[in-house]
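Trainee: Fold the following, please.
(one chain, ligands or ions: 1)
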Amino acid sequence: MDLLPSHNSPVLVDYISANISRFGLSSPTAFSSSLLLSSPNLGNLDDVIVTGLHDYVTASSSPTVKLNNDSAFEFDETENTYRKWMLKYPSAISSFEKITNHANNKRIALFLDYDGTLSPIVNDPDCAFMSNAMRSTVKHVAEYFPTAIISGRSRDKVYNFVGLTELYYAGSHGMDIMGPVNKSKFVNDHPNCIRSTDKQGKEVNMFQPASKFLPMINEIFISLNENTKGINGAKVENNKFCVSVHYRLVDRKNWPIVSQIVLDILKEYPDLKLTHGRKVLEIRPIIDWNKGKAVQFLLESLELSNADDVLPIYIGDDRTDEDAFKLLREGNRGYGILVSSIPKESNAFYSLRDPSEVMYFLKSLVKWKSST
Ligand SMILES: [Mg+2]
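Mentor: Have a look, this model is predicted:
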């Protein structure tokens, strides 16, 4: 294979997670899960971002630890830890033959997260553009395999980023799906499924299980916007059926203020819950729906469900992608591939380090399929 991405610089890491890992505190996943609020929507303030900050600040203040903004721990140490972790989550690139052996005589269905998977994580969420090379790769891959993007962004926004009409799109963490029209009873009988047309005028099925929350989401978006206006760097994003509060550009000393504002506002909305992503707090409806269910819905929509000859592959870097990894792992149905440059527990089978490796993997799939 050619085009193997090179990694001659220290891995890029989420700042907190990296240092948590470095200090031998809880694993990044354990750290993350402590930040995840389940229903009821509000726990103690300590349950959310402040816990992480407290741990982080405590670790940072240790005299034995030297921190700088490059999250610099020794490259060798990082690599060793990463390689050990890869024994459990092997690279999808080095395991490519194993994957394609399993895929022989099967139809692959591809599910791709967007941020951190197809595009790099950037400071300004409005500028998370994918490269032309990645766009071209995704376009090629969709010629061979049914391909869907499942993102936390609004469906329109992620479509604008990707710009490919060949794909299926699910926005708002799977709460806004546009899929093909078919005869599936599961899809057509679903109360939240309506017939519509896409931008090209083609008939499609729209599935929006959280549609009744739309006014509430708009209301909390306005409120969050108003209340975070004075915090330099804070950005509130309306993702249609969920709202994101980005704090990547907020001065670290103001992070607890951001979280407190979010928690205070959320107290007024018992039907909404808070989760924590990569430097982002996400507010969404408490409904029994997630990216795993979105994958199931799309498989049904594509008439690829309950078929032994279908191999779904899901590639993502988010905590919310774990629901999809779990769905595929539990039924032994397909492969989850976690995109991560740091070790973390996952329901995925394989790993890829970053979007450049995702692109290489997708190109390899095209090359394999076109030669068989
Ligand atoms: Mg992502």
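
Trainee: right, and Val158 touches Tyr169 too?
Mentor: Yes - using Cβ atoms under 8 Å, Val158 is in contact with Tyr169, at 6.1 Å. (C-beta placed from N, C-alpha, C; glycine too.)

Trainee: Compare these two (neighbour count), which wins?
Mentor: Remark: of Val158 and Tyr169, Val158 carries more neighbours, 27 against 24, as counted by other Cβ atoms under 10 Å.

Trainee: So the closest residue to Leu164 other than its chain neighbours versus the ion, what's the distance?
Mentor: Nearest residue to Leu164, sequence neighbours excluded (Cβ to Cβ, 6 or more residues apart in numbering): Lys139, at 5.5 Å. Between Lys139 and the ion the distance is 20 Å, computed by Cβ to the ion, to the nearest Å.

Trainee: if we can go back for a sec, mind listing the shared neighbours of Val158 and Tyr169?
Mentor: Shared contacts of Val158 and Tyr169, defined by Cβ atoms under 8 Å, 6 or more residues apart in numbering, comprise 149, 151.

Trainee: And the residue nearest the centre of this structure?
Mentor: In the chain, the residue lying closest to the centroid (Cα atoms, centre = their mean) is Asp318, at 3.2 Å.

Trainee: For the residue nearest to Leu164, grab the count of nearby residues.
Mentor: Other residues close to Lys139 by other Cβ under 10 Å number 17.

Trainee: Likewise for His276?
Mentor: 21.

Trainee: Show the average pLDDT along the one helix or strand it maps to.
Mentor: Per DSSP states H and E, His276 falls inside strand 272-277. For strand 272-277, mean pLDDT is 91.

Trainee: Which SSE is immediately downstream of that strand?
Mentor: Taking DSSP H and E, what comes next after strand 272-277 is strand 280-285.

Trainee: That next one - contacts with which helices or strands?
Mentor: Secondary-structure packing of strand 280-285 (3 or more Cβ pairs under 8 Å, 6 or more residues apart in numbering; DSSP states H and E): helix 214-228, strand 243-246, helix 255-266, strand 272-277.

Trainee: let's see 10 Å
Mentor: The contact analysis (3 or more Cβ pairs under 10 Å, 6 or more residues apart in numbering; DSSP states H and E) places strand 280-285 against helix 214-228, strand 235-238, strand 243-246, helix 255-266, strand 272-277.

Trainee: anything in the helix or strand Gln296 falls within near the ion?
Mentor: Per DSSP H and E, Gln296 falls inside helix 291-301. No - Helix 291-301 does not reach the ion (Cβ under 5 Å from the ion); its nearest approach is 10.1 Å.

Trainee: Packing partners of that helix?
Mentor: So helix 291-301, by 3+ Cβ pairs under 10 Å, 6+ apart, packs with strand 107-112, strand 147-150, strand 168-171, strand 176-180, helix 185-188, strand 203-207, strand 310-316, helix 322-330.

Trainee: Need the CA coordinates for the second one. CSV is fine.
Mentor: Just to be clear, that refers to strand 147-150. What follows is strand 147-150, C-alpha atoms only, in CSV (Å, rounded to 0.1, in the frame of the first residue of the first chain):
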residue,chain,number,x,y,z
THR,A,147,-22.0,5.5,3.1
ALA,A,148,-23.6,7.6,5.7
ILE,A,149,-22.3,10.5,7.9
ILE,A,150,-23.6,10.5,11.4
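
Trainee: ok, and does it reach over to the ion?
Mentor: No - using Cβ under 5 Å from the ion, strand 147-150 never reaches the ion; the gap is at least 9.5 Å.

Trainee: which other helices and strands contact that strand?
Mentor: Against strand 147-150 (3+ Cβ pairs under 10 Å, 6+ apart) you get strand 107-112, helix 132-144, helix 155-162, strand 168-171, strand 176-180, helix 291-301, strand 310-316.

Trainee: Tell me, how many residues neighbour Thr228?
Mentor: With other Cβ under 10 Å as criterion, Thr228 counts 23.

Trainee: cool, and Glu166?
Mentor: Neighbours of Glu166 using other Cβ under 10 Å come to 13.

Trainee: now it: how far from the ion?
Mentor: Taken as Cβ to the ion, the span from Glu166 to the ion is 21 Å.

Trainee: Then Ala133?
Mentor: Distance from Ala133 to the ion, by Cβ to the ion: 19 Å.

Trainee: Please apply the same query to Gln260.
Mentor: Taking Cβ to the ion, one finds Gln260 at 26 Å from the ion.

Trainee: mind showing which ranges of this protein have poor pLDDT?
Mentor: The chain contains residues with pLDDT under 70 at 1-75.

Trainee: what residues go with each domain of it?
Mentor: 85-177+290-371, 212-285 (the TED database).

Trainee: can you put these in TSV and add distance to Lys202?
Mentor: What follows is the domains of the chain, written out as TSV (distance: least, Cβ to Cβ, whole Å):
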stretch	distance to Lys202
domain 85-177+290-371	9
domain 212-285	21
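
Trainee: deepest of those, which one?
Mentor: domain 85-177+290-371 (a mean of 20; mean count of other Cβ atoms under 10 Å).

Trainee: now that domain, how far from the centre of its chain.
Mentor: Its chain's average C-alpha position is 10 Å from that of domain 85-177+290-371, according to Cα atoms, centre = their mean, to the nearest Å.

Trainee: all numbers from here: first residue = 738
Mentor: Renumbered: residue one is now 738, and that last one reads domain 822-914+1027-1108.
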